[in-house]
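Colleague: Sequence and predicted structure below; questions after.
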Amino acid sequence: MKRRSFLLAAIGVAAGAWWLRPADRGRGGHDGYFAGLSEALKREGLARPTLVVDLDRLDANIAATTRAMKPREFRVVAKSLPAAALLDYVMQRAGTRRLMVFHQPFLNAVAAAHPGTDLLLGKPMPAAAAHRFYEHLQPGDFDPTRQVQWLIDSPERLRQYRELAEALDTKLTINVEIDVGLRRGGMKQPADLVRLLAVIDQDPRLRFGGLMGYDAHAALPETLNLRAREFEQVEARYRGFLQAWREHAGGRGEEELVLNAAGSPTYRMWDGIDGLANELAVGSGLVKPLDFDIDTLTEHVPALFIGSPVLKVEEGLELPAIDLGPLHQLWDPNRARTFFVYGGYWKAEPVSPRGLATHPVYGRSTNQEMLNGSRQVELAVDDTVFFRPTQSEFVMLQFGPIAAVRAGRVVDFWEPLPQIA
Ligand SMILES: Cc1ncc(COP(=O)(O)O)c(C=O)c1O
């Protein structure tokens, strides 16, 4: 009797486990969109990992952003779209000359490539990096005194920038980082800001340019009203800092200040807020990497992909030293075939053909990455696999020239921004 119940229980567990098997995620080959992208890359004869920006989709994202941002100004986040020609394209379409920059070599490159822009630092640069920017600044129309706002997050950094202004015998415009709830540094209280303002006032080489309050943390889940409650706090904190400046400065010259806020996850939350920030920063949302599949960006469409050729196709799945034979696919139909692609291990996930995944045990490779898929996945040697980057800023620097695609054709190649200057 005992043995019978044990047997029944074992059969039950086995049936349950069988029922829990992963579903077959394969859906054939590329859909029309990715088949078109694949053709576009094949026509170029590149046959290597290539980063693609879809200009039609980018246009849609720019239009959605500018529409939702009005009447505020649009500051384009350069680190998230790191190619000079791409930045130019976005600025022209969006009707803005404002960029937010986060890296000294990019600052030099942007000043050289776009002498008409207005630049705000998105993080406080070490004073030595700011000094290097001046050393490498090419002579031309770009006037850093008027066109760069250096971000200052502490009294100590302000002291260093005063010394820098003196050493260079130049005027610097200072923008102050305020903590509106992100807890990533900057002024914690309005009184801290007032103390910095007093130091700036005393130095004829320094000019106060405005405030930067980044609020990405406020894109919280909507459950328990968390998001609305935190955004109210963001607004109240920003208002507190601005009020402190008004009282300090007697309200003169407010229209000239750069009052920056937001990022892709939060820019839409400023819709309907009166006054305060007069410009909003957006970068990643214009190409919408995977990490930006969030409910505040549902109007945006993915516009950034990696296309990489398939080098090898094998039936089944073999792991070195452990021969499980057909056991893999017995449990998981998505392990029925093996593909090796050119390159890999990017901050990206395979998206087309559907149903491809890396193996949890085999290991990752930047040289030739292994992917598995079911028998439903249609993919042959020399076909292209498409990945969607999880973020844009680092991934876009890894491939050399970026293929700009419009209506299913590569129309240009854009060099990423340089990493040295
Ligand atoms: C200060 C600041 N503003 C805005 C952004 C938003 O950039 P994105 O729109 O690319 O998310 C960032 C991103 O890190 C940031 O640090």
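Modeller: Nice, I can see it.
Colleague: Setting aside sequence neighbours, what's the nearest residue to the residue of the stretch 151-300 of the chain found nearest the ligand?
Modeller: Here the residue of the stretch 151-300 of the chain nearest the ligand is residue 263; by CB to the nearest ligand atom that distance is 2.7 Å. Glycine gets a C-beta too; all of them are placed from N, C-alpha and C. Excluding its sequence neighbours, the residue lying closest to residue 263 (CB to CB, 6 or more residues apart in numbering) is residue 216, at 4.8 Å.
Colleague: can you pull the contacts of that neighbour?
Modeller: By CB atoms under 8 Å, 6 or more residues apart in numbering, the residues touching residue 216 are 182, 262-263, 265-266.
Colleague: What are the contacting residues of stretch 249-257?
Modeller: Under the contact criterion CB under 8 Å, 6+ apart, stretch 249-257 has outside partners 197, 208-211, 245-246, 278.
Colleague: 7 Å instead?
Modeller: The contact list for stretch 249-257, computed with CB atoms under 7 Å, 6 or more residues apart in numbering, reads 209-210.
Colleague: Going by neighbour count, which residues in that stretch are buried?
Modeller: residue 257 (16 or more other CB atoms under 10 Å).
Colleague: Same check on stretch 387-395?
Modeller: Neighbour-count burial for stretch 387-395, counted by 16+ other CB under 10 Å, picks out 387-393, 395.
Colleague: show me where the stretch 151-300 of the chain has strands.
Modeller: With DSSP state E, counting those that start in this stretch as the criterion, the stretch 151-300 of the chain has strands at 172-177, 206-213, 258-261, 279-282.
Colleague: out of those strands, which comes closest to residue 110?
Modeller: strand 279-282 (14.8 Å; CB to CB).
Colleague: quick one: is the closest one near the ligand?
Modeller: Yes: counting by CB under 6 Å from any ligand atom, contacts between strand 279-282 and the ligand involve 281-282.
Colleague: quick check: mean pLDDT across the helix or strand following that strand?
Modeller: Following strand 279-282 in sequence order, the next helix or strand is strand 304-315 (DSSP states H and E). Here strand 304-315 scores 98 as its mean pLDDT.
Colleague: coming back round to it: rebuild the buried residues of stretch 387-395 as JSON lines, extending it with distance to the ligand.
Modeller: Shown next, in JSON lines, are the buried residues of stretch 387-395 (distance: CB to the nearest ligand atom, whole Å):
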{"residue": "387", "distance to the ligand": "19"}
{"residue": "388", "distance to the ligand": "16"}
{"residue": "389", "distance to the ligand": "12"}
{"residue": "390", "distance to the ligand": "13"}
{"residue": "391", "distance to the ligand": "8"}
{"residue": "392", "distance to the ligand": "7"}
{"residue": "393", "distance to the ligand": "7"}
{"residue": "395", "distance to the ligand": "13"}
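Colleague: So which of those are in strands?
Modeller: Judged by DSSP state E, the subset of the buried residues of stretch 387-395 located in strands is 387-389.
Colleague: Which of those sits closest to residue 339?
Modeller: residue 387 (12.6 Å).
Colleague: residues in contact with the closest one?
Modeller: 305-306, 346, 348-351 are the contacts of residue 387 under CB under 7 Å, 6+ apart.
Colleague: Could you identify the buried members of those?
Modeller: Buried members of the contacts of residue 387, scored by 16+ other CB under 10 Å, are 305-306, 346, 348, 350-351.
Colleague: now, the most widely separated pair of the residues you listed?
Modeller: Put simply, by CB to CB the two of the buried ones among the contacts of residue 387 set farthest apart are 346 and 351, 12.4 Å from each other.
Colleague: can you redo the ones in strands among the buried residues of stretch 387-395 as CSV with pLDDT?
Modeller: Formatted as CSV, those follow (pLDDT from 0 to 100):
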residue, pLDDT
387, 98
388, 98
389, 98
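Colleague: hang on, the earlier thing: filter the buried ones among the contacts of residue 387 by proximity to the ligand?
Modeller: Within the buried ones among the contacts of residue 387, nothing lies near the ligand by CB under 6 Å from any ligand atom.
Colleague: Briefly note if the helix or strand containing residue 91 comes near the ligand.
Modeller: Following DSSP H and E, one finds residue 91 within helix 84-94. No: Helix 84-94 lies out of reach of the ligand by CB under 6 Å from any ligand atom, never closer than 11.7 Å.
Colleague: Outside of that helix itself, which residues are in contact with it?
Modeller: Contacts to helix 84-94, defined as CB under 7 Å, 6+ apart, come from residues 53, 59, 62, 66, 74, 76, 78, 81, 97, 99, 109, 113-114, 286, 414, 417.
Colleague: at 6 Å instead, please
Modeller: Residues outside helix 84-94 that contact it (CB atoms under 6 Å, 6 or more residues apart in numbering): 62, 66, 74, 76, 78, 81, 113, 414.
Colleague: among the residues you listed, who's most crowded?
Modeller: residue 78 (30 neighbours; other CB atoms under 10 Å).
Colleague: Surely that one touches residue 101?
Modeller: Yes: counting by CB atoms under 6 Å, residue 101 is a contact partner of residue 78 at 5.0 Å.
Colleague: where in this protein is pLDDT low?
Modeller: 1-3, 14-16 (pLDDT under 70).
Colleague: Domain map for it?
Modeller: The chain breaks down into these domains under automatic domain parsing: 26-50+302-414, 55-289.
Colleague: The first one spans what distance, first to last residue?
Modeller: For domain 26-50+302-414, the separation between the terminal residues is 34 Å (CA to CA, to the nearest Å).
Colleague: rewinding a little: mean neighbour count added to the strands of the stretch 151-300 of the chain, as TSV?
Modeller: Formatted as TSV, the strands of the stretch 151-300 of the chain follow (neighbours: other CB atoms under 10 Å):
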stretch	mean neighbour count
strand 172-177	24
strand 206-213	23
strand 258-261	24
strand 279-282	26
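Colleague: Tell me which of those lies nearest to residue 154.
Modeller: With distances scored as CB to CB, the stretch of the strands of the stretch 151-300 of the chain nearest to residue 154 is strand 172-177 (8.8 Å).
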